[in-house]
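**Q** Any chance you could fold what I've pasted below:
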Amino acid sequence: ARRTVDGELAALHTVTCAMRTRRNALSLVGRLPPELLSRIFAFHAANQPIARDPIYNYDDPNPPSMAQVELGWITVTHVCRAWRAVALADPSLWRTIVFDLGAEWAGEMLARSRAAPI
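**A** Numbering: from 1, shown residues only. Next comes the predicted model:
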């Protein structure tokens, strides 16, 4: 009985994810072409780089989370599937290799940069 319920929950999760993807596609930003979204990400990457030595402004009423400080622009890959797919598909976004996040991250960035000049 438990396996049946677990299977039903997994199926429900799959359907819920698909519905959220469809809903997101109906938003204005969800209709932006991938090329434009990629360009926006490039501007964001220039303005919100991956932190090498985080600087904190303790007077900021809305300080960024540690993930936002450390990952910088990469947090756009956590917004939705479409944004993640666009960011992962653009080698130019990954050409700045940051070693401060560890060797595994650096290797992943290098792999994602593909043939883009580093």
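**Q** What helices and strands are in contact with whichever strand or helix holds residue 3?
**A** Assigned by DSSP states H and E, residue 3 belongs to helix 2-25. In terms of contacts (3 or more CB pairs under 8 Å, 6 or more residues apart in numbering; DSSP states H and E), helix 2-25 is packed against helix 81-89. The C-beta positions use only the backbone N, C-alpha and C, and glycine is treated the same way.
**Q** Can you name the next helix or strand after the helix it packs on?
**A** If you walk from helix 81-89 toward the C-terminus, the next helix or strand you reach (DSSP H and E) is helix 103-113.
**Q** Pull up the gap between residue 46 and residue 96, please.
**A** Distance, residue 46 to residue 96, using CB to CB, to the nearest Å: 10 Å.
**Q** So which of the two has more stuff around it?
**A** Taking residue 46 and residue 96 together and counting by other CB atoms under 10 Å, residue 96 has the greater number of neighbours (16 against 10).
**Q** Verify the contact between that one and residue 72 for me.
**A** No: assessed by CB atoms under 8 Å, residue 96 is found out of contact with residue 72, at 9.9 Å.
**Q** shared neighbours, those two?
**A** Counting by CB atoms under 8 Å, 6 or more residues apart in numbering, the contacts common to residue 96 and residue 72 are 45, 49-50.
**Q** so which of these is the most crowded?
**A** Counting neighbours by other CB under 10 Å, residue 45 comes out on top of the shared contacts of residue 96 and residue 72 with 21 neighbours.
**Q** Next, the contact list for the spatially most central residue of the chain, please.
**A** The residue at the geometric middle of the chain, judged as the C-alpha nearest the mean C-alpha position with CA atoms, centre = their mean, is residue 77 (1.0 Å). Residue 77 makes contacts with 83-84, 87-88, as judged by CB under 8 Å, 6+ apart.
**Q** Please report which of the residues you listed has the highest neighbour count.
**A** residue 87 leads those on contacts (other CB under 10 Å) with 24 neighbours.
**Q** Against residue 41, how distant is it?
**A** From residue 87 over to residue 41 the distance is 6 Å, taken as CB to CB.
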